[in-house]
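1. got a predicted model here, sequence first, then my questions.
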Amino acid sequence: MNRATPRLRALAALPFVLALAAYELLLVLRYDRLPDPLATHFDAGGTADGFTGRAAFLLVSTVLLLGLGAGWTLLVRRSALWGAWATAGFTGTLFALLVRDNTDVADPARVESPLVNLTVAAGVAGGCAAVGWALTRLVPPEDAETPATDVPRLALGAHELAGWTRATGSRPLTALAVLALVATPAVLLLAPWPAALLGLLGLVVGLPGLVLARIRVTVDRRGLTVRPSFASWPRVRVPLDEVAGADARDISALGDFGGWGYRVRAHRTGLVVRSGEALVVRRTGGREFAVTVPDARTAAALLNTLAERHGKV
């Protein structure tokens with residue numbers, strides 16, 4: 001399973017480190033020259049129509065840059081390194097221009113942010129994207145990594161039948177899902193309108209989280225089946241005639257798939273409830289499907305045997 005290398009992560013974090021350092025230096029130099037509050041939102045004509053306290057603006061802008069940097073560093077792929085640089089360049093430039101426009105202003109209501117600011121930020125983002133694309137050559141291609149070796153076949157007689165099944169889950173994911181669902185009615189009932197609508201996010205997080213928090217993985221004559229442990233649907237099935245090979249690998253939930261749950265990445269999908277041992281199936285179309293489950297080596301060995309036998313029928 002391909003992982004972002006330390007070098008790739010460092011190259012993804014670098015533009016955010018540079019943007020944050022330059023932005024913080026600018027704030028230090030101009031902090032006493034900024035109004036309190038600052039003009040931070042503008043209408044289509046560039047006239048200020050929203051304001052934020054100086055300290056709050058410093059905190060929010062810094063956290064946003066840190067959050068974007070952390071997200072890109074964790075989730076980056078070689079082919080998207082340019083996106084990290086473009087994001088850092090665009091965001092950092094907008095914040096810097098906002099500080100410039102507010103400097104030495106007595107009345108923040110008179111601050112204007114012309115449309116050219118977006119053009120400048122987009123131009124910087126384009127230049128940064130080019131730098132990120134050029135730096136891609138410093139990272140080995142993902143397909144240059146050594147693939148895992150297939151596990152042995154499971155010895156079965158010509159007329160023997162066999163099946164394998166295992167339930168697995170994630171306690172943290174279960175707790176998060178339950179917490180989100182419990183909080184939903186409280187937010188809907190107690191929060192003022194329209195902020196109460198944010199309570200619906202609890203359903204968006206809680207329901208899928210609860211469904212995927214505990215799963216059952218089965219290998220039998222139908223192929224590979226993955227479903228919630230308490231229901232038969234929704235499910236993922238890879239029939240035997242689509243199995244090109246299977247193996248067991250250790251995967252990182254964040255490093256390989258960018259998180260937990262049902263994940264989609266270039267050339268592969270996965271149902272990830274934790275980091276660690278996983279059954280990885282190479283499909284005939286070239287894509288891979290991974291599911292984290294204990295005793296994945298036995299499941300892969302049986303799946304290889306059943307797929308090979310199916311191909312001879």
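-> Here it is on my side, so go on.
2. what's the burial count for the closest residue to residue 288 other than its chain neighbours?
-> In space, not counting the residues next to it along the chain, residue 288 is nearest to residue 268; the distance is 4.0 Å by C-beta to C-beta, 6 or more residues apart in numbering. (C-beta placed from N, C-alpha, C; glycine too.) Applying the criterion other C-beta atoms under 10 Å, we find 20 residues in the vicinity of residue 268.
3. check contacts around residue 268.
-> For residue 268, the residues meeting the contact criterion (C-beta atoms under 8 Å, 6 or more residues apart in numbering) are 1, 287-290.
4. may I have the phi/psi pair for it?
-> Dihedral pair for residue 268: phi -160, psi 150, per degrees, to the nearest 10.
5. ok, now the one 5 residues further on?
-> Backbone torsions of residue 273, given as degrees, to the nearest 10, read phi -110, psi -10.
6. kindly report the same for residue 46.
-> phi 90, psi 10.
7. what sits against it?
-> Counting by C-beta under 8 Å, 6+ apart, residue 46 touches 112-115.
8. same for the longest helix seen in the chain, what does it pack against?
-> Residue-count comparison of every helix in the chain, with assignments taken from DSSP state H, identifies helix 6-30 as the longest. Counting contacts by 3 or more C-beta pairs under 8 Å, 6 or more residues apart in numbering; DSSP states H and E, helix 6-30 is packed against helix 54-75, helix 81-102, helix 116-135.
9. what subset of the contacts of residue 46 is buried?
-> residue 113 (16 or more other C-beta atoms under 10 Å).
10. CSV for the contacts of residue 46, including secondary structure and pLDDT?
-> Converted to CSV, the contacts of residue 46 look like this (DSSP: H, G, I helix; E, B strand; the rest coil; pLDDT from 0 to 100):
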residue, secondary structure, pLDDT
112, strand, 84
113, coil, 78
114, coil, 77
115, coil, 75
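11. re the thing from before, right, and the helices and strands packed on helix 6-30 - which one's nearest residue 274?
-> Between residue 274 and these, the tightest spacing by C-beta to C-beta is seen for helix 54-75, at 16.3 Å.
12. quick one: the closest one to helix 81-102, angle?
-> Per axes from the mean of the first three to the mean of the last three C-alpha atoms, to 10 degrees, the angle that helix 54-75 makes with helix 81-102 is 170 degrees.
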